[in-house]
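dropping a prediction and its sequence here:
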Amino acid sequence: MLNPWRGLGQLPRELWIVFATTLINRMGMMALPFLVLYLTRSLNFSSAQASYIYVGYGVGALVTAPFAGKLSDLVGHRRLMLLSLFMTGAVLLAFPLASDFFIVLIVTLIWAVVSEAYRPSSLAVIMDLSLPEQRKAAYALQRLAINIGMSFGPAIGGFLVLVSYPLLFIVNGLTTLVSGIVFLILPWRVQEHHTDVSDKIDLKSPPTPKLNSFKDLKLIFFLAAMLPVVIVFFQHASSMSLFLVNDLLLPESAYGILFTINTGLIILIEVAMNIAMAHWPYRRALTLGTFLIAAGFGAMAFANGMPAVAVTVVIWTFGEMIVLPTAAAYMGHIAPASRRGEYMGLYQMMFGLAFIIGPWLGLHLYEHFNAQVLWAAMFGIGILSTLMMRQLRE
């Protein structure tokens, strides 16, 4: 039987430490998926109050990303990852003590800040540890840890809520602390930045002045090209569930089955596919991947049952498996070696912006028009990314 993860043995040991840390952390991630239920059923908040708190987390994540990226370049990527893990664990353990709306909102904002500070640093440290030709596989390995972990965390959380909602935060907090301890005690060899050709400096030339990242046209164009397709991608967490239940009259369990198809494909195929595509030009891979995401969500306009929807999920999952590792690798390709945290912070901020726009836009189109208009619009928005990726500079 073919091993879907063959070829990973050449990755540095430290990447496997990051993998183990992420896997443990994600296996315990259950508080955020059940946050709205906890607020409405355990604390008896209204749906509006719960939405404000949930949006507060999104705003906290959006604002944190660029600052956390810059901070990680200053204090060190691994050091900020450790700080984030231990502080997040502490906040989660304290979360059930809050019951007043404004206190919960403040604690949620703190939770978002300390938790989301991990992401830019983790993306940057992978860049530091991997050679340019290994980066797509390295990011696919990171996503493998996330998806395996997320296959367990919310499922375990579903059983814990039957016992106690606060138990979600206690277990999540403890597993976060355990992942931090694992990351701290496993031997870590200090790595120098692995540089691309574009990072190499001619010592005979005068030093290049530090360019403001917002004046880096490659960066701004790429983030602008990614934003539309990520807006489309986030429909899987918002309007897609309503479409399945209200329009196709499928049971709620169908949504879970489709997620299982998505994560199963990622676990079995993504690493091997990205190893095989390691030498593809960024432009070609991102053009193909964004088109598949656009086509997959657009095809839902023609879906009339579970088998058809499953096919659309397979299509956009293949796009996801191409786009996300390749996009992260491209960010590392264009980022100066000493400013990878800053660039990854801006990359993460783009995801935060898409997370705010995507569900709002999708639900607005669904409620005020119909599902066919929603999915046709998502196809058009996704194709915009495809057309922009065709102009991407390597």
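Great, that's in hand. Numbering: from 1, shown residues only.

okay, now the nearest residue to residue 160 once chain neighbours are set aside: neighbour count?
Closest residue to residue 160 apart from its sequence neighbours, by C-beta to C-beta, 6 or more residues apart in numbering: residue 167 at 4.9 Å. C-betas here are computed from N, CA, C, even on glycine. Number of residues near residue 167 (other C-beta atoms under 10 Å) recorded here: 16.

ok now the strand or helix carrying residue 167, how far from the chain's centre?
Secondary structure assignment for residue 167, by DSSP states H and E: helix 166-185. Chain-centre distance of helix 166-185: 20 Å, with C-alpha atoms, centre = their mean, to the nearest Å.

what is it packed up against?
helix 13-27, helix 77-94, helix 135-160 (3 or more C-beta pairs under 8 Å, 6 or more residues apart in numbering; DSSP states H and E).

tell me the mean pLDDT over that helix?
On average, the pLDDT along helix 166-185 is 94.

then stretch 152-163?
82.

buried residues in stretch 45-64?
For stretch 45-64, burial by neighbour count (16 or more other C-beta atoms under 10 Å) applies to 45, 49-50, 52-53, 56-58, 60-64.

which among the residues you listed gets closest to residue 356?
Among the buried residues of stretch 45-64, residue 58 lies closest to residue 356 (C-beta to C-beta), at 5.5 Å.

buried sites along the lowest-mean-pLDDT helix or strand in the chain?
Within the chain, no helix or strand scores below helix 35-37, which has a mean of 80 by mean pLDDT, DSSP states H and E. For helix 35-37, a neighbour-count test (16+ other C-beta under 10 Å) marks residue 35 as buried.

that helix packs against which elements?
Packing partners of helix 35-37 (3+ C-beta pairs under 8 Å, 6+ apart): helix 47-75.

and the angle from the helix it packs on to helix 77-94?
With axes from the mean of the first three to the mean of the last three C-alpha atoms, to 10 degrees applied, the angle from helix 47-75 to helix 77-94 works out at 150 degrees.

make residue 1 into 38 and carry on from there
OK, 38 is where the count begins now, so the last one is helix 84-112.

quick one: mean pLDDT over helix 84-112.
Averaging pLDDT along helix 84-112 gives 85.

what about residue 253, how many residues nearby?
Using other C-beta under 10 Å, residue 253 is surrounded by 18 other residues.

wait, it sits on residue 376?
No - counting by C-beta atoms under 8 Å, residue 253 does not reach residue 376; the two are 9.7 Å apart.

okay, now the unreliable bits of the stretch 138-287 of the chain?
Within the stretch 138-287 of the chain, the stretches with pLDDT under 70 are 227-249.

ok, 50 please
For the stretch 138-287 of the chain, residues meeting the criterion pLDDT under 50 lie at 229, 234-246.

and the helices and strands packed on helix 203-222 as a markdown table, adding distance to residue 290?
Formatted as a markdown table, those follow (distance: least, C-beta to C-beta, whole Å):
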| stretch | distance to residue 290 |
| --- | --- |
| helix 50-64 | 22 |
| helix 114-131 | 29 |
| helix 172-197 | 12 |
